[in-house]
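K.L.:
output the structure for:
(one chain, ligands or ions: 2)
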Amino acid sequence: MKEYKNFINGKFVDSKSGRTFENRNPANWDELIGIFPKSNAEDLNMAVEAAKKAYTKWRSVPLPKKAEIMRRAAEIMIARKEEAARLMTREMGKIIKETRGDYQEGIDTALFAAGQGRRYFGYTVPSELPNKICFTRRDPLGVWGLITPWNFPVAIPSWKIFPCILSGNTAIIKPATDTPASAGELVQVLHEAGLPEGVLNIVYGGGGEIGEAMLSHPDIVGISFTGSSDIGRRIGEVCGKTLKRCSLELGGKNGQVVLADANLELALDGVVWGAFGTTGQRCTATSRLILEEPIYDKFIEMLKARVEKLKLGNGLDETVDVGPLVNKAQRDTVAMYVEIGKKEGAKLLTGGEPYTEGECAKGWFYKPTVFIDVLPTMRIAQEEIFGPVLSVIKAKDFEEAIKILNGTTYGLSSSIYTNDLNKAQKAIELAETGIVYINAPTIGAECHLPFGGMKNTGNGHREGGWTAYEIFTEVKTVYIDYSGTLQRAQIDTWNE
Ligand code: NAD
Ligand code: MN
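P.N.:
Ligands and ions are numbered 1, 2, ... in the order given. Sure thing, here's the model as predicted:
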């Protein structure tokens, strides 16, 4: 058990509030992982002051020099990967294979930032007029508030921290209260890598308190948020009032389509991983399986057999496939949706109850659950459950499958299994999602590509890759006239 402190202006400091909260292991609720400060607005103000002060210097540090710190951070992370993955599994429950992947994504994002420092391109374009050049550059905005969820305790903070600070901004991160330790260790890594004081600060606490205080803080210029659509809507509203920039990465209700011509074994591997990986607690989790009629019965039989073989347990055990839900509330939500599904008339194929065998009784486990004969209009086919529940829907043909795929308010990720090149291309064109997979599950984003969704999944930004840098910078357009005369755009021409 470790007692964590806020990290403000390069120092670990106690909260002014004197209050704390606990972080427990969802696979064994008796295990206390850490105690964290439940901070208040005064703590946030201190962090903002530190970040503001640091900004004036940090913004002017040459990008390749900033990038060296990112590279050192990556090196420290590589050395610490196993230890960090184990902490993450204890803190939020997902299996060790996946927390290693989560941490690897952080490493990759740090290395991408390290490279980006030497290839921070703008555009150079010709002018309408002679002896004049035009180009664009990207500049930082100032102090950012970074608000993160618990399901990717390192990857998501990394997606925000590295592009935000490489760009010359400074930041305060407020991680989810279910996974504060992993974010804290990441901030520690950057500190050890030589990040100047005040550039990155962490303030622990609740969304209603620290999160809200960030939204309305006059010296915070932007909010980068990943979380639920409900909170995202609230953040957009508050930020809109002061025209604060905000990027919102929100929920999903992702579908996997399997057409009759597909490789069914491959599609089965995909849906089991997509639906039950991270215990279904991914924004990109497969929560709808859309099967073309001719293979419906056969695929369901294959699915049932495979899902019932999944092994539940503590994610530190390498043989376990599925860990617990992150907390009791999340498991209660899953149980509630299972009841809703039954009432709506969907047929429970397997699962549908908590799992309490042996040691699992101490945690928030729930059996991998599949509903069949689900109608696209049912709530279990429309609302994000964020747990190990898959809704199987029948489609009579390709056109209907795409219609069902697009028939939700979300638009994050979609997957189509087919060997028909024409149908695959058409699906790519028609899918109303920010990410499309062909013959691969709805999960599995790579850090150097844009990540984000359409419709209620966000507000048009893309994290990941080069597009993350667009979130955290302003474009500056520069005209340099070396003609020595007044040249008027649209009025003067080159031959006059
Ligand atoms: P959440 O919305 O409950 O919380 C996310 C963060 O917001 C937490 O740090 C929380 O403390 C904070 N918060 C809560 N209320 C706030 C407020 N009023 N003002 C400011 N901040 C506030 O989400 P969660 O349960 O932590 O995460 C699960 C959700 O995140 C799911 O909906 C999932 O789809 C989504 N998610 C989206 C992506 C993506 O990139 N699209 C990735 C992962 C998770
Ligand atoms: Mn926890």
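K.L.:
okay, CA-based contacts and neighbour counts for the rest of this
P.N.:
OK.
K.L.:
got a list of what the closest residue to L200 other than its chain neighbours touches?
P.N.:
Of all residues not flanking L200 in the chain, A171 sits nearest, at 5.0 Å (C-alpha to C-alpha, 6 or more residues apart in numbering). Contact analysis of A171 by C-alpha atoms under 8 Å, 6 or more residues apart in numbering lists 48, 51, 143-146, 161, 164-165, 199-201.
K.L.:
and A171, how far is that from L248?
P.N.:
A171 sits 17 Å away from L248, going by C-alpha to C-alpha, to the nearest Å.
K.L.:
same check on V271?
P.N.:
When V271 is compared with L248 (using C-alpha to C-alpha), they lie 27 Å apart.
K.L.:
show the pLDDT at the closest residue to K16 other than its chain neighbours.
P.N.:
Spatial nearest neighbour of K16, chain neighbours left out: D43 (6.3 Å); criterion: C-alpha to C-alpha, 6+ apart. For D43, the pLDDT comes out at 98.
K.L.:
would you mark the buried spots in the helix or strand hosting D43?
P.N.:
Using DSSP states H and E, the element containing D43 is helix 41-58. When burial is assessed from 16 or more other C-alpha atoms under 10 Å, helix 41-58 yields the following buried residues: 41, 43-44, 47-55, 58.
K.L.:
how is the chain divided into domains?
P.N.:
2-250+458-478, 254-438 (automatic domain parsing).
K.L.:
which SS class is R288?
P.N.:
Under DSSP: H, G, I helix; E, B strand; the rest coil, R288 falls in the strand class.
K.L.:
surely it is in contact with V271?
P.N.:
No - under the criterion of C-alpha atoms under 8 Å, R288 makes no contact with V271, lying 9.2 Å away.
K.L.:
which neighbours do these two share?
P.N.:
Q256.
K.L.:
quick check: the gap between the closest residue to Y366 other than its chain neighbours and ligand 1.
P.N.:
Distances taken as C-alpha to C-alpha, 6+ apart put P354 closest to Y366, at 4.0 Å, once the chain neighbours are dropped. Distance of P354 to ligand 1, given as C-alpha to the nearest ligand atom, to the nearest Å: 20 Å.
K.L.:
cool, and A47?
P.N.:
16 Å.
K.L.:
would you state the helices of the stretch 201-350 of the chain in chain order?
P.N.:
Along the stretch 201-350 of the chain, counting by DSSP state H, counting those that start in this stretch, helices occupy 212-215, 229-241, 264-276, 296-307, 328-344.
K.L.:
out of those helices, which gets nearest to E22?
P.N.:
helix 328-344 (14.3 Å; C-alpha to C-alpha).
K.L.:
list the buried residues for that closest one?
P.N.:
330-331, 334-335, 337-338, 341.
K.L.:
now do stretch 188-196
P.N.:
188-191, 193, 195-196.
K.L.:
inside strands: which ones of those residues?
P.N.:
Among those, DSSP state E puts none in strands.
K.L.:
ligand 1: which of those residues is nearest?
P.N.:
Q188 (18.8 Å; C-alpha to the nearest ligand atom).
K.L.:
look up how far Y204 lies from that closest one.
P.N.:
14 Å.
K.L.:
circling back: which strand or helix spans the residue nearest to L200?
P.N.:
strand 170-174.
K.L.:
paired strands for that strand, with orientation please.
P.N.:
The pairing partners recorded for strand 170-174 under DSSP bridges are strand 143-147 (parallel), strand 200-202 (parallel).
K.L.:
list the residues that contact V154.
P.N.:
Contacts of V154 (C-alpha under 8 Å, 6+ apart): 102-103, 106, 182-183, 186.
K.L.:
got a list of contacts for stretch 416-435?
P.N.:
By C-alpha under 8 Å, 6+ apart, stretch 416-435 touches 256-263, 267, 398, 402, 405-406, 410-414, 436-440, 451-455.
K.L.:
which among those residues end up buried?
P.N.:
Buried members of the contacts of stretch 416-435, counted by 16+ other C-alpha under 10 Å: 256-260, 262, 267, 398, 402, 405-406, 410-414, 436-440, 451-455.
K.L.:
tell me which of those fall in strands.
P.N.:
256-258, 410-411, 413-414, 436-438, 454-455.
K.L.:
can I get these in JSON lines with pLDDT and distance to R379?
P.N.:
As requested, those are exported to JSON lines (pLDDT from 0 to 100; distance: C-alpha to C-alpha, whole Å):
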{"residue": "Q256", "pLDDT": "98", "distance to R379": "18"}
{"residue": "V257", "pLDDT": "99", "distance to R379": "19"}
{"residue": "V258", "pLDDT": "99", "distance to R379": "22"}
{"residue": "Y410", "pLDDT": "98", "distance to R379": "13"}
{"residue": "G411", "pLDDT": "98", "distance to R379": "16"}
{"residue": "S413", "pLDDT": "98", "distance to R379": "19"}
{"residue": "S414", "pLDDT": "98", "distance to R379": "19"}
{"residue": "V436", "pLDDT": "98", "distance to R379": "24"}
{"residue": "Y437", "pLDDT": "98", "distance to R379": "25"}
{"residue": "I438", "pLDDT": "98", "distance to R379": "27"}
{"residue": "M454", "pLDDT": "98", "distance to R379": "20"}
{"residue": "K455", "pLDDT": "97", "distance to R379": "18"}
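K.L.:
can you pick out the most distant pair from those?
P.N.:
V258 and K455 (23.3 Å).
K.L.:
ok, for F386, nearest residue in space, not its chain neighbours?
P.N.:
Q281 (4.7 Å).
K.L.:
sorry, back to before: now do the contacts for the residue nearest to Y366.
P.N.:
Counted by C-alpha under 8 Å, 6+ apart, P354 has contacts 335, 364-367.
K.L.:
do that again at 6 Å, thanks
P.N.:
Taking C-alpha atoms under 6 Å, 6 or more residues apart in numbering, we find P354 in contact with 365-367.
K.L.:
could you list the low-pLDDT ranges of this structure?
P.N.:
495-496 (pLDDT under 70).
K.L.:
residues from it in reach of ligand 1?
P.N.:
Within the chain, the positions adjacent to ligand 1 are 147-150, 175-176, 206-208, 211-212, 226-229, 231, 249-252, 282-283, 452 by C-alpha under 6 Å from any ligand atom.
K.L.:
in strands, which of these fall?
P.N.:
Per DSSP E, these map to strands at 147, 226, 249.
K.L.:
would you mind checking the residues you listed for buried ones?
P.N.:
For these, buried by 16+ other C-alpha under 10 Å: 147, 226, 249.
K.L.:
for those, which one is nearest ligand 2?
P.N.:
Set against ligand 2, the nearest of those by C-alpha to the ion is I147 (16.6 Å).
K.L.:
so that closest one sits against F225, correct?
P.N.:
Yes - using C-alpha atoms under 6 Å, I147 is in contact with F225, at 4.8 Å.
K.L.:
could you list the contact residues of the stretch 101-250 of the chain toward ligand 2?
P.N.:
178-179 (C-alpha under 5 Å from the ion).
K.L.:
swap the cut-off to 8 Å and go again
P.N.:
Residues of the stretch 101-250 of the chain lying near ligand 2 by C-alpha under 8 Å from the ion: 177-180.
K.L.:
check the stretch 301-450 of the chain too.
P.N.:
Counting by C-alpha under 8 Å from the ion, the stretch 301-450 of the chain sits next to ligand 2 at 326-327.
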